[in-house]
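> pasting the structure only:
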């Protein structure tokens, strides 16, 4: 009886072991089958999502399948050691170094942006109205490329400038020749100059004057210069307001008509006294001393008498013709009073 029971128990045990073995083998087969089948992976490359079937066991093997070589600047999540499972998300961002120089200050940035404008936006670099960018914003930059931003600033700058005074000389016939008298001191003025100054990276590169405003005008220095010359002639001393050199002397007469002897001043022309002059050179009514001919008075004018020319009156036409044209060495202009 005991042997029969033992036999039955043994049969049941072997039957159970057989069933478990079959289940184990079947499970392992299913597992090996499933493990050998490709798994769907959500691969995010630089923000772009792709669904890819892979037989890779790890993320590192998956990247090898995709011919992707990681470098120190690239981003990856999860790590290369992570096991591949169905539906896993793998995020990969390809990045590289770019040298960014702003206002002569260089820095190295890591980016996956391609154009200059995108890289500047990523680095939060804003450009001013006048700033210069090299290369242009729409151009692409490769790994280890260079971007340069020159900061340009324009400012209006004001500067004061001194305006030097002028010296004005005025002839004074009450002062002897060679003497001077200051009647008004000079004073410098002041002007405000406005410049548009352009700075590049903090250094001045150009400067343009845009406006000049006189704040305080300069005051001239006024000096009176003596013109009186003391002369001794014919036993008398006199002072001359003006000395004329190389004066041309001509003669005129009444032309046979005594009415022609009435001068421009209204006086009757008198020989030995009356002369015709250019009033701009010798004022009417002034006495002069003509070297070699003595004192004469400016009483008449003539259309041909211009500049350093004097016409001497003779009462006889023949005397005037005989006189002709002569050069006087000097003529002294004395004034309205005869010495």
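Okay, I see it. Keep in mind that what you see is a predicted model, and the values were worked out from it rather than measured.
> okay, CA-based contacts and neighbour counts for the rest of this
Fine.
> give me the number of residues near residue 43?
20 (other C-alpha atoms under 10 Å).
> try residue 299
By other C-alpha under 10 Å, 26 other residues sit near residue 299.
> any idea which element it lies in?
Assigned by DSSP states H and E, residue 299 belongs to strand 294-300.
> what's that strand packed up against?
strand 274-276, strand 287-290 (3 or more C-alpha pairs under 8 Å, 6 or more residues apart in numbering; DSSP states H and E).
> what does it rub up against?
Strand 294-300 has contacts (C-alpha atoms under 8 Å, 6 or more residues apart in numbering) with 263-265, 267, 269, 272-277, 282-290, 338.
> Counting neighbours, which bits of it end up buried?
Burial within strand 294-300, assessed by neighbour count using 16 or more other C-alpha atoms under 10 Å, is assigned to 295, 296, 297, 298, 299, 300.
> what separates the closest residue to the second one other than its chain neighbours from residue 288, distance-wise?
In space, not counting the residues next to it along the chain, residue 296 is nearest to residue 273; the distance is 4.6 Å by C-alpha to C-alpha, 6 or more residues apart in numbering. When C-alpha to C-alpha, to the nearest Å is the yardstick, residue 273 and residue 288 sit 10 Å from each other.
> Also residue 59?
Relative to residue 288, residue 59 is positioned 123 Å away (C-alpha to C-alpha).
> who's more crowded, those two?
Legend: neighbour count by other C-alpha under 10 Å for residue 59 and residue 288, higher for residue 288 (27 against 21).
> Let me see the confidence value for residue 164.
As predicted, residue 164 sits at a pLDDT of 96.
> what about the nearest residue to it once chain neighbours are set aside, how many residues close to it?
Leaving aside its chain neighbours, residue 164 sits nearest to residue 188 (4.8 Å; criterion: C-alpha to C-alpha, 6+ apart). Using other C-alpha under 10 Å as the criterion, residue 188 is surrounded by 15 other residues.
> Do a quick rundown of the strands in the stretch 201-339 of the chain.
For the stretch 201-339 of the chain, the strands defined by DSSP state E, counting those that start in this stretch cover 203-216, 221-233, 236-240, 242-252, 274-276, 287-290, 294-300, 309-313, 326-335.
> Now distance to residue 168 and mean pLDDT too, for those strands, in CSV please.
Below are the strands of the stretch 201-339 of the chain laid out as CSV (distance: least, C-alpha to C-alpha, whole Å; pLDDT from 0 to 100):
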stretch, distance to residue 168, mean pLDDT
strand 203-216, 19, 95
strand 221-233, 5, 84
strand 236-240, 22, 81
strand 242-252, 19, 91
strand 274-276, 32, 94
strand 287-290, 28, 94
strand 294-300, 30, 93
strand 309-313, 29, 94
strand 326-335, 23, 86
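> low-confidence ranges in this protein?
For the chain, the stretches with pLDDT under 70 are 1-36, 258-260.
> The strand holding residue 299 pairs with which strands?
Neighbouring strands of strand 294-300 in its sheet, by DSSP bridges, are strand 274-276 (parallel), strand 287-290 (antiparallel).
> how big is the angle separating that strand from strand 221-233?
130 degrees (axes from the mean of the first three to the mean of the last three C-alpha atoms, to 10 degrees).
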